[in-house]
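J.: For reference, the sequence and a predicted model appear below.
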Amino acid sequence: MKLNLILFFFSTIITLSWAQSPDLSKYNEEIKKVEDTVKYFEVEKINDQFYMLIGGGGNVGIFVSDKNVIMVDNKYEIIEEVLMSSLREISSNPIKYIINTHYHHDHSDGNRAFGKMGIPIISHENAKARMQKVTELYGGIYDFIDGFVQDQYPTEALPIITYSSKLTLSEGSEDIEMYNFGSGHTDGDSIIYFKNANIMHTGDAFVRYGYPYVDLNNGGSIKGIIEMLGSIASLADDQTVIMPGHGNLSSKQDVLDLRNSLMNLYQKTVLGLEKGLSYQEIADSVDETLAADPMMPEAELTKLNYIKSIELELKK
């Protein structure tokens, strides 16, 4: 009896240890690829105080005040030296804050490096909550993400300042407003608005690579991202410069165009499902197919996956 209990105890420990060891193979493959390929960033100057760093992850926004630098997102830990080299081409001022637009690795993995430096990190409270645990991303829209597991962040890499719906910071003559408009790309998206400069960083709540990725596993919502795009457009005006999470500098009209395209697809999907149409019939009923970035999967396939994902969300 005692022997059986001992064997049961050890078998339980072994089972738990396997269950608690996340499969980070896809994450590790991506990190290796980034390390091997990313040697520099393109620096796009918006004006004397604002820049966007492009390549090797999500777009990084840089605001340079008289004394400090505010950085929006920070790409990957493994290329922190490349990021700092690009930053030092712009300014030698110290980094005062890093703002995470959301928790995904290609935007906030750099926390693992910058947190060790003692730089305060800011995010929405839900983004921090996601960073504190192992998460598996939803792969249904872009199936190459299937099985992608992101490990929890160590304590020093976590945001130390969080907010619920809105947070305002002042730096020099600039007011920096952070908004969470609910579920969209994830449930912890932050829209960063530099009010006086009229410049905005949207993170992946707005992107330029075609159909936006929505992480349904982690609080994301396709209906929600359509509503969020409307909120972003309402916050902006015709002169607002918008840094998307991925892609070129954009305008309010670009945001509205994406919202209208997604709304059309969403409404025709709902109607088509009610009529019992197939996924392909629904896709054929939508004249527009958002052009994909050459590095992304084929646009028609993504369109079909979007329709399936809308159905999944409706069932939830």
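T.: That came through fine.
J.: Quick check: which ranges of the protein have low pLDDT?
T.: Where the chain drops to pLDDT under 70, the residues are 1-20.
J.: which stretches of the stretch 151-300 of the chain form strands?
T.: Ranges of strands in the stretch 151-300 of the chain, per DSSP state E, counting those that start in this stretch, are 161-163, 166-171, 174-179, 191-194, 199-201, 241-243.
J.: So which elements touch the last one?
T.: Judged by 3 or more CB pairs under 8 Å, 6 or more residues apart in numbering; DSSP states H and E, the packing partners of strand 241-243 are strand 199-201, helix 252-274. In short, each C-beta sits where N, CA and C put it, glycine included.
J.: among these, which is nearest residue 184?
T.: Residue 184 lies closest to helix 252-274 among the helices and strands packed on strand 241-243, at 11.0 Å (CB to CB).
J.: Just the C-alpha atoms of the closest one, please, in CSV.
T.: Provided in CSV are the C-alpha atoms of helix 252-274 (Å, rounded to 0.1, in the frame of the first residue of the first chain):
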residue,chain,number,x,y,z
LYS,A,252,-7.5,58.9,-39.8
GLN,A,253,-9.0,58.0,-43.2
ASP,A,254,-6.8,54.8,-43.3
VAL,A,255,-8.3,53.8,-40.0
LEU,A,256,-11.8,54.4,-41.2
ASP,A,257,-11.1,52.5,-44.4
LEU,A,258,-10.0,49.4,-42.4
ARG,A,259,-13.0,49.7,-40.1
ASN,A,260,-15.4,49.9,-43.0
SER,A,261,-13.9,46.9,-44.7
LEU,A,262,-14.0,44.8,-41.6
MET,A,263,-17.6,45.9,-40.8
ASN,A,264,-18.7,44.9,-44.3
LEU,A,265,-17.1,41.5,-43.9
TYR,A,266,-18.6,41.1,-40.4
GLN,A,267,-22.1,42.0,-41.4
LYS,A,268,-22.1,39.8,-44.5
THR,A,269,-20.7,36.9,-42.5
VAL,A,270,-23.5,37.2,-39.9
LEU,A,271,-26.1,37.4,-42.7
GLY,A,272,-24.5,34.5,-44.7
LEU,A,273,-24.4,32.3,-41.6
GLU,A,274,-28.1,33.0,-40.9
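J.: Only the buried residues of it, if you could.
T.: Of the residues in helix 252-274, 252, 254-255, 258-259, 261-262, 265-266, 268-269, 272-273 count as buried by neighbour count, 16 or more other CB atoms under 10 Å.
J.: do stretch 273-292 as well
T.: 273, 277, 279, 282-283, 286, 289-290, 292.
J.: Give me the nearest residue to the spatially most central residue of the chain, chain neighbours excluded.
T.: Against the mean C-alpha coordinate of the chain, by CA atoms, centre = their mean, the closest residue is residue 204 at 4.2 Å. Distances taken as CB to CB, 6 or more residues apart in numbering put residue 245 closest to residue 204, at 3.6 Å, once the chain neighbours are dropped.
J.: Tell me how many other residues surround the one you found.
T.: Here the number of neighbours of residue 245 (other CB atoms under 10 Å) works out to 26.
J.: how about it, what does it touch?
T.: By CB atoms under 8 Å, 6 or more residues apart in numbering, residue 245 lies in contact with 58-59, 101, 107, 185, 202-207.
J.: circling back: right, so the strands of the stretch 151-300 of the chain: which one is the most enclosed?
T.: Mean neighbour count (mean count of other CB atoms under 10 Å) peaks for strand 199-201 among those, with a mean of 27.
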